[in-house]
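Asks: Sequence and computational prediction follow.
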Amino acid sequence: VLIMIAFSFSLSTTLNGLVVQPLERMLHTVRVMTKSLMSQAAQLDEKDPDAEDEEEQFNALSELEQLEEVVRKLARLSQMLVQKTAVNDDELVGMNDEGK
C-alpha cells in the first residue's frame with residue numbers, strides 16, 4: 001500500500017510538471033494576449049456599444065472556450081487577409097518579375 005501511495009504521489013508530481021503547468025502557462029498567455037487584443041479592438045470600435053458586452057461575455061467563458069474563440073477569430077482574420085491580398089489573373093499578367 002505504501003508503494004502504491006509513493007508511486008501515485010510521484011506520478012501526480014510528474015504529470016503536474018509535464019502537463020498541467022505548461023497548459024496553465026499557455027492558457028494564461030492566451031488570456032493576456034486576448035485581453036490586449038480585445039481592448040485594442042474596443043478602442044477601434046468606440047462607437048460600438050456591444051464591444052464591452054462582447055468582452056464581458058468572453059471573460060465569462062472557460063479557458064478552453066476562450067481558446068476556441070481566439071482560434072476562430074484568427075481563422076476569420078487570416079481568411080480576410082487572404083481575400084484582400086489575392087491577385088487575379090489579369091493583375092498577375094500586368095506585373096513585372098519583381099511584383100510576382
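Replies: Received it, and whenever you're ready, just let me know what you need. Numbers count the residues shown, from 1 in each chain.
Asks: going forward, measure contacts between C-alpha atoms and count neighbours the same way
Replies: OK.
Asks: can you list the weak-confidence ranges in this structure?
Replies: With pLDDT under 70 as the threshold, the chain has low-confidence stretches at 38, 40-55, 85-100.
Asks: Let me know the secondary structure of residue 9.
Replies: helix (DSSP: H, G, I helix; E, B strand; the rest coil).
Asks: For residue 2, see how far away it is.
Replies: From residue 9 over to residue 2 the distance is 11 Å, taken as C-alpha to C-alpha, to the nearest Å.
Asks: repeat for residue 20
Replies: 25 Å.
Asks: what's the burial count for residue 59?
Replies: 15 (other C-alpha atoms under 10 Å).
Asks: Secondary structure element holding it?
Replies: helix 50-60 (DSSP states H and E).
Asks: helices or strands up against the following helix or strand past that helix?
Replies: Where DSSP H and E defines the elements, the next helix or strand beyond helix 50-60 is helix 63-85. If contacts are counted by 3 or more C-alpha pairs under 8 Å, 6 or more residues apart in numbering; DSSP states H and E, helix 63-85 sits against helix 21-44.
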